[in-house]
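**Q** fold the following.
(3 chains)
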Amino acid sequence: MAAERLRAKFLADTALYDPKHLGQDARFGPVERIPVLTTFTDRKECAQRGVHRATVAGISGSSKDGAYSICVSGGYEDDEDNGDKIIYTGTGGQPDPFSFSGSQTGDQSFNHKDNAALKISADTKKPVRVVRGPNKNSPWAPDKGYRYDGLYIVKEAYLAKGQSGYVICRYELERVPGQPRIPRKW
DNA sequence: GGGCCCGCAGGG
DNA sequence: CCCTGCGGGCCC
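**A** So this is what the prediction gives:
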């Protein structure tokens, strides 16, 4: 099948990413040979290609230099996905990452290293790669797999009160203009 | 389809 | 090293 051959070629052409060979700066921005709207079968592949290097966590980055990438999968009830604008929720305040209820059960804070990283991105205005996972609540999410949707700028980062009444870290992201349009489901 | 549980790659 | 985190597979 042609699609499978194309996929095999893609996997061969995109060298497996070894972060140890890269400087900190190389972790920001676009990834070589991975165009916007490239879709990965799962989080592991997405991590191996260097797009979002965490296999589980939603935020990948350094608490000193800022975030490299985030994954929007709809795991947090206070998220809002409007395509070019995203309201994203920080990490923490949930019982554990594998039994997400969607509801917060505790407070978040910028003391958490991942939340701190994304807050720094709001100051530096360095672009952050955004990956969308399958999310039935968003018309902009892929049906399956994880799609690299290009670069966004973190406009604001602040503490807020979430739906469940707990403190959350809230981030307002805006897509960098001039990138391929994101397909809409409905 | 839901519940359960195992796991890996980062970053500090 | 150690711990954590918006998966995923397997069983039923």
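**Q** so which bits of stretch A:131-142 are buried?
**A** Under the neighbour-count criterion of 16 or more other C-beta atoms under 10 Å, stretch A:131-142 has A:131-133, A:135, A:138, A:140-142 buried. Glycine gets a C-beta too; all of them are placed from N, C-alpha and C.
**Q** straight-line length of that stretch, end to end?
**A** Counting by C-alpha to C-alpha, to the nearest Å, you get 10 Å between the two ends of stretch A:131-142.
**Q** is DNA strand C within reach of that stretch?
**A** Yes - looking at stretch A:131-142 against DNA strand C by C-beta under 7 Å from any atom of the strand, the contacts come from A:133, A:135.
**Q** next one: that stretch to chain centre, how far?
**A** On the basis of C-alpha atoms, centre = their mean, to the nearest Å, stretch A:131-142 is displaced by 12 Å from the centre of the chain it belongs to.
**Q** direction included, what does the longest strand along chain A pair up with?
**A** For chain A, the longest strand by residue count, based on DSSP state E, is strand A:146-161. Paired with strand A:146-161 in the same sheet, following DSSP bridges, are strand A:39-40 (antiparallel), strand A:128-132 (antiparallel), strand A:167-175 (antiparallel).
**Q** which of those is buried the deepest?
**A** Scoring the strands paired with strand A:146-161 by mean neighbour count under mean count of other C-beta atoms under 10 Å gives strand A:128-132 as the most buried, with a mean of 25.
**Q** what comes into contact with it?
**A** Counting by C-beta atoms under 8 Å, 6 or more residues apart in numbering, the neighbours of strand A:128-132 from elsewhere in the structure are A:29-31, A:46, A:51-52, A:61, A:66-73, A:81, A:86, A:118, A:121, A:138, A:140-142, A:146-154, A:173, A:175.
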